[in-house]
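A.B. asks: this one's sequence-less:
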């Protein structure tokens, strides 16, 4: 046992020495090799202790990454003991002792003892086992077993080569889907995301099966890659190895997510500044390396498959002829190729390259590895030629046909052709925004916005709107260019509109098309701003929005662009709540165009129809007349906000208050499909009561998603208020009924003064999650006195946490204001709350000193909290 402890100490000491070498900036491959050697040394030294007395053949083999000779600090230790013969009880005791010894190192263990026949059988049945055994390497014991296993294993591989390759590629595609299908995800998994370390592993497995290479140098030896591509892929892979090593060291465990919390520290290790700019520059380097890995490994896989198919002399491959497309290109098995004797001509002539992309758009071909390399080399060496009129005309032809557009544009982007046609895409390549809302870099977000428009076919309502457009191509072009101004000084929508104008002129679009595309880019944030931050029942807002859109066609395009833009932000950007708000604003504006009437007239007509429905709902009620009188005294804002069903429900509650001499009633409804509960409070007006209600939700750790505050009716000089609050748990689930009942109890006690919210809620602010090191948005306070005729809008933008609504509404109350509406909008960990307020006399607040006082109070309230 002493020898085992000595071996353990030596191993752990060696790992600490290797860790120091990592901080001395040794390469990823050097560190991986040393980690492999240290584990080899450990296993070789302890093997005789556990298995030296066995009289059946056995061998210890390294598998997976350890077999390749690539280990990170907390990688799984993948190895197997393979043996021939039967295990005795004594042997089983040895295996168990060895297992527990290895567990004591606190590193994830991928270890199984297997009979040789069982090992071969498992490798034939399970893809993950098969790929592990593809990288088998002898460590200790009887080396003849490795040779015997290899013969049987490779016999199976050769017989089933095509099926195995198909399964590896299928697994690759499924992995891509799990990790959002792009290199440019802002919190990538360094191993599993597209462009991660796994990309090279899969390419190596396939090349090994086809070409029987033993290591990465086989890519050169078998002419799978040229020297430049080989250097690029190895350099990129080494960079990611170093990133993964540092993630493991920072976390003290296997940790492969390059999360926002860790990006700053990793960027600092690689020599970048620790501010946001440094992180953004580091991530740009990361995405560049990941893209190289993704593209070059795709070339390796393509070339391997092409070679495998040429050597498979099946009847199908003999009789399937190439499809000649023109003098330069042909198609085979759905892939676009360049004729060998035309490759130099295509390289020198970008116009021909655009022809290739037009073929891809028309049919949906993939691009052969050779063609991809030639297109990319041409983009790098013939930049000026891509700006020739003939080339731009062909690019315009592609843009005019919104069929497979995102697919073609992404392919152009990957091989850098898009950079030469729209140079601002080169500036935006890997452009990283250090926030938790935008999940993808700007360049890929633009392409994904186009893709989201293409996916509208999945929604019949939205697709009908798209299908009715006169010139849909202007919408798709606006989607491609809507954020082109990011990364430059000034509002990106205005900067982007100016940049787009120059490109569209150069592409010779018609003036009316340019005007519309520029308008869409300039206004692409307008609809989400109004829907998520303003009161969309306000007639003035609808009127101004309709006036801005000018035509029904522009309204439809702006709506579709807004939806696609939000969906392309990434997971969590789009939800039913946002969809319903945008749809409500869209249909309200569309009604104005259809009716041909001014907004106020249209809203009055809607209110009249609502009144008729209310009367219809009340027709069998015994208190019909009293309820109708209550309805006639209802406030205009209240009637615009709620449906006829909700109004009837509220009026009956108000009548109960009057009949029973009560002051407050609460009801609740649960909407599990939308992820929230709705609590309605009806009471006799009590000044500054809403902030106390908000405080109860904070106290019970509930997340407020939206709130409406309205004076419903006035009876005998008594104002009856209706508060509607939508709440969820922090994890965006419906609160339990028991918790909502506690809410009601606390709100009633607060109303009657039995408790004070300040006494039970000592600390108003609470974090919503454990991720404490996320980038925090700057806190801003703005005022808007133009959007509403009756109210001043206070907009507060800050980082999200529980208690914000309570704290801000309390401060507004203490500032001598009345609150009529609170609108909550969340973007990642940034929240943008809008409050509709008046002074105590119900007038808008226009005094600059008063506004400044409110601003300072809110900023001081939120500072460093």
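C.D. replies: Sure thing, it's come through. Please read these numbers as outputs of a predicted model, since none were measured by experiment.
A.B. asks: contacts, neighbours, all on C-alpha from now
C.D. replies: Noted.
A.B. asks: so where's the stretch 401-550 of the chain shaky on pLDDT?
C.D. replies: 433-438 (pLDDT under 70).
A.B. asks: got it, and the stretch 651-800 of the chain?
C.D. replies: The stretch 651-800 of the chain contains residues with pLDDT under 70 at 765-775.
A.B. asks: so residue 247 touches residue 256, yeah?
C.D. replies: Yes. If you go by C-alpha atoms under 8 Å, residue 247 and residue 256 touch, sitting 6.6 Å apart.
A.B. asks: out of the two, which sits in the more crowded spot?
C.D. replies: Ranked by neighbour count (other C-alpha atoms under 10 Å), residue 247 and residue 256 place residue 247 first, with 26 against 21.
A.B. asks: so what's that one closest to, chain neighbours aside?
C.D. replies: Nearest residue to residue 247 in three dimensions, chain neighbours excluded: residue 255, at 6.0 Å (C-alpha to C-alpha, 6 or more residues apart in numbering).
A.B. asks: Assign that neighbour to helix, strand or coil.
C.D. replies: At residue 255 the chain is in coil, as set by DSSP: H, G, I helix; E, B strand; the rest coil.
A.B. asks: for it, what are its contacts?
C.D. replies: By C-alpha atoms under 8 Å, 6 or more residues apart in numbering, the contact list for residue 255 reads 244, 247-248.
A.B. asks: Columns secondary structure, pLDDT and distance to residue 500 on top of these, output as a markdown table?
C.D. replies: As requested, these are exported to a markdown table (DSSP: H, G, I helix; E, B strand; the rest coil; pLDDT from 0 to 100; distance: C-alpha to C-alpha, whole Å):
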| residue | secondary structure | pLDDT | distance to residue 500 |
| --- | --- | --- | --- |
| 244 | helix | 96 | 39 |
| 247 | helix | 95 | 40 |
| 248 | helix | 95 | 44 |
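A.B. asks: would a markdown table of the residues you listed with distance to residue 548 be doable?
C.D. replies: Below are the contacts of residue 255 laid out as a markdown table (distance: C-alpha to C-alpha, whole Å):
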| residue | distance to residue 548 |
| --- | --- |
| 244 | 50 |
| 247 | 50 |
| 248 | 53 |
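A.B. asks: now, which of the residues you listed sits nearest residue 450?
C.D. replies: residue 244 (32.9 Å; C-alpha to C-alpha).
A.B. asks: how many neighbours does the closest one have?
C.D. replies: 27.
A.B. asks: Test my guess that it contacts residue 72.
C.D. replies: Yes. Between residue 244 and residue 72 there is a contact at 7.0 Å, judged by C-alpha under 8 Å.
A.B. asks: so for stretch 27-36, what's the average pLDDT?
C.D. replies: What stretch 27-36 shows for mean pLDDT is 95.
A.B. asks: Can you give me the domain boundaries for this protein?
C.D. replies: The chain is divided into the following domains under automatic domain parsing: 2-159, 181-318, 422-595, 622-762, 775-865.
A.B. asks: Dump those to CSV, plus distance to residue 362.
C.D. replies: Shown next, in CSV, are the domains of the chain (distance: least, C-alpha to C-alpha, whole Å):
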stretch, distance to residue 362
domain 2-159, 36
domain 181-318, 22
domain 422-595, 15
domain 622-762, 40
domain 775-865, 38
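A.B. asks: so what's the closest residue to residue 589 other than its chain neighbours up against?
C.D. replies: Spatial nearest neighbour of residue 589, excluding adjacent residues (C-alpha to C-alpha, 6+ apart): residue 546 at 5.9 Å. Applying C-alpha under 8 Å, 6+ apart, one finds that residue 546 lies in contact with 555, 589, 592.
A.B. asks: and the second one, what does it touch?
C.D. replies: Read it as residue 589. Applying C-alpha under 8 Å, 6+ apart to residue 589 gives the contacts 542-543, 545-546, 555.
A.B. asks: if you set the cut-off to 10 Å instead, what comes out?
C.D. replies: Applying C-alpha atoms under 10 Å, 6 or more residues apart in numbering, one finds that residue 589 lies in contact with 541-547, 549, 552, 555-556, 583, 599.
A.B. asks: For ChimeraX, what selects the buried ones among those?
C.D. replies: A single ChimeraX command selects the buried members of those (16 or more other C-alpha atoms under 10 Å):
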select :541,542,543,545,546,549,552,555,556,583,599
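A.B. asks: any idea which of the contacts of residue 589 is closest to residue 756?
C.D. replies: The closest of the contacts of residue 589, once distances to residue 756 are taken by C-alpha to C-alpha, is residue 541, at 37.9 Å.
A.B. asks: ok, now how distant is that closest one from residue 706?
C.D. replies: Applying C-alpha to C-alpha, to the nearest Å, the value for residue 541 to residue 706 is 19 Å.
A.B. asks: got it, and residue 715?
C.D. replies: Separation of residue 715 from residue 706 (C-alpha to C-alpha): 28 Å.
A.B. asks: Settle it for me: which of those two has more neighbours?
C.D. replies: Between residue 715 and residue 706, residue 706 has the larger neighbour count (other C-alpha under 10 Å), namely 18 against 12.
A.B. asks: That one contacts residue 821, correct?
C.D. replies: Yes. Counting by C-alpha atoms under 10 Å, residue 706 touches residue 821, with 9.4 Å between them.
A.B. asks: Find the residues that touch each one of the two.
C.D. replies: Common neighbours of residue 706 and residue 821 (criterion: C-alpha under 10 Å, 6+ apart): residue 724.
A.B. asks: before we move on, which element is the residue nearest to residue 589 in?
C.D. replies: Secondary structure from DSSP states H and E places residue 546 in helix 539-549.
A.B. asks: tell me how far that helix is from the chain's mean position?
C.D. replies: 32 Å (C-alpha atoms, centre = their mean, to the nearest Å).
A.B. asks: Also stretch 836-855?
C.D. replies: Centre to centre, stretch against its chain (C-alpha atoms, centre = their mean), the figure for stretch 836-855 is 39 Å.
A.B. asks: Burial check on residue 89, number of neighbours?
C.D. replies: By the measure other C-alpha under 10 Å, the count of residues near residue 89 is 9.
A.B. asks: Next, it: phi, psi?
C.D. replies: Main-chain torsions, residue 89, degrees, to the nearest 10: phi -60, psi -40.
A.B. asks: And for residue 367?
C.D. replies: According to degrees, to the nearest 10, residue 367 has phi -110, psi 130.
A.B. asks: Give the bridge partners for it, please.
C.D. replies: Note on residue 367: beta-bridge partners by DSSP bridges are residue 336.
A.B. asks: Just give me the neighbour total for the residue nearest to residue 817 when sequence neighbours are not counted.
C.D. replies: Once flanking residues are discounted, residue 817 sits nearest to residue 839: 4.6 Å by C-alpha to C-alpha, 6+ apart. The number of residues packed near residue 839 is 17, by other C-alpha under 10 Å.
A.B. asks: now the residue sitting nearest the centre point of the chain: how far from residue 187?
C.D. replies: For the chain, the residue sitting closest to the mean C-alpha position, by C-alpha atoms, centre = their mean, is residue 570 at 3.0 Å. Going from residue 570 to residue 187 by C-alpha to C-alpha gives 11 Å.
A.B. asks: Identify the contacts common to those two.
C.D. replies: 439-440.
A.B. asks: Which parts of the stretch 451-600 of the chain are helices?
C.D. replies: Secondary structure of the stretch 451-600 of the chain (DSSP state H, counting those that start in this stretch): helices at 460-467, 472-481, 492-506, 511-522, 526-533, 539-549, 552-567, 576-595, 599-618.
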